[in-house]
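> okay, predicted coordinates and the sequence, questions at the end:
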Amino acid sequence: MSLEANERAERIQYSLDEANESIEDVKLLIENDRLRAAVNRILWSV
């Protein structure tokens, strides 16, 4: 089963958007000294 180029691009963009959101979450956690939560968020984001 092969994905069309546009569907593949949409899935890639969705994954990148999710990753960027996770990065922003981690920044907020670190700024608020929630380091354990930040590490946990990083690990679950991988």
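Great, that's in hand.
> so which residues of this protein form helices?
Along the chain, the segments classed as helices by DSSP state H run 5-31, 35-45.
> low-confidence regions, this structure specifically.
Per-residue confidence for the chain (pLDDT under 70) gives these ranges: 1.
> tell me how far L35 lies from D25.
13 Å (CB to CB, to the nearest Å). In this view, the C-beta of every residue, glycine as well, is placed from N, C-alpha and C.
> of these two, who's got more company?
Using other CB atoms under 10 Å, the more surrounded residue of L35 and D25 is D25, with 15 against 10.
> just give the closest residue to L29, not the sequence neighbours.
A38 (3.9 Å; CB to CB, 6 or more residues apart in numbering).
> how much space between the one you found and R11?
Taking CB to CB as the criterion, A38 is separated from R11 by 27 Å.
> centre-most residue in the protein?
A19 (2.0 Å; CA atoms, centre = their mean).
> who's in contact with it?
S45 (CB atoms under 8 Å, 6 or more residues apart in numbering).
> can you check A38 too?
If you count contacts by CB under 8 Å, 6+ apart, A38 has them with 26, 29-30.
> redo that, cut-off 10 Å
A38 makes contact with 25-32 under the criterion CB atoms under 10 Å, 6 or more residues apart in numbering.
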